[in-house]
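*Asks:* model this:
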Amino acid sequence: MFSSLKRKSVRKALVATLGVLALLWVSACAGLYAIMRQSPETFARVMARVPGPVAFLVLPFETLWMRARAGKLHVGDPAPDFTLAKLDKSARVQLSALTAQRQPVVLIFGSYT
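*Replies:* From the prediction side, this is the model:
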């Protein structure tokens, strides 16, 4: 009789512990997702303080990142207007000024270093 009571209390403690751990994990995932939705500077500031193995091994980092940074553009949507500095930093170029010329615009995002 004593061992069955002991087993039940151990089982309750285990279930309670797992429940708390699951709640902490879900809370950490939600917090990380919310931080990922912020500006890159805010995200970098927070991630600089998080131990690497915790974020990458315990939490579904890549899945959260892909959902948080998915964006709202779909195939066929017009590109949002933006302004960039020229490579020599002599002037700034705006996308809407280039598309107003009714010529195709090709955007290449890559490294030239």
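
*Asks:* Double-check R37 against R67; I have them as touching.
*Replies:* No - in this structure R37 lies outside contact range of R67 using Cβ atoms under 8 Å: 9.4 Å. Every C-beta, even on glycine, is put in place using the N, C-alpha and C of the backbone.

*Asks:* For the nearest residue to T83 once chain neighbours are set aside, give its distance to V105.
*Replies:* The spatial neighbour of T83 that comes closest, neighbours along the chain excluded (Cβ to Cβ, 6 or more residues apart in numbering), is Q94 at 4.7 Å. Noted for Q94: a distance of 11 Å to V105, by Cβ to Cβ, to the nearest Å.

*Asks:* which one of those two has more residues nearby?
*Replies:* More crowded of Q94 and V105, by other Cβ atoms under 10 Å: Q94, with 12 against 9.

*Asks:* Could I get the pLDDT score of the more buried one?
*Replies:* Q94 carries a pLDDT value of 92.

*Asks:* Y112 too?
*Replies:* 69.

*Asks:* Following element in sequence after the helix or strand of the chain with the lowest mean pLDDT, please.
*Replies:* When each helix and strand of the chain is scored by mean pLDDT, DSSP states H and E, helix 52-53 comes last, with a mean of 76. Going down the chain from helix 52-53, the next helix or strand is helix 61-68, by DSSP states H and E.
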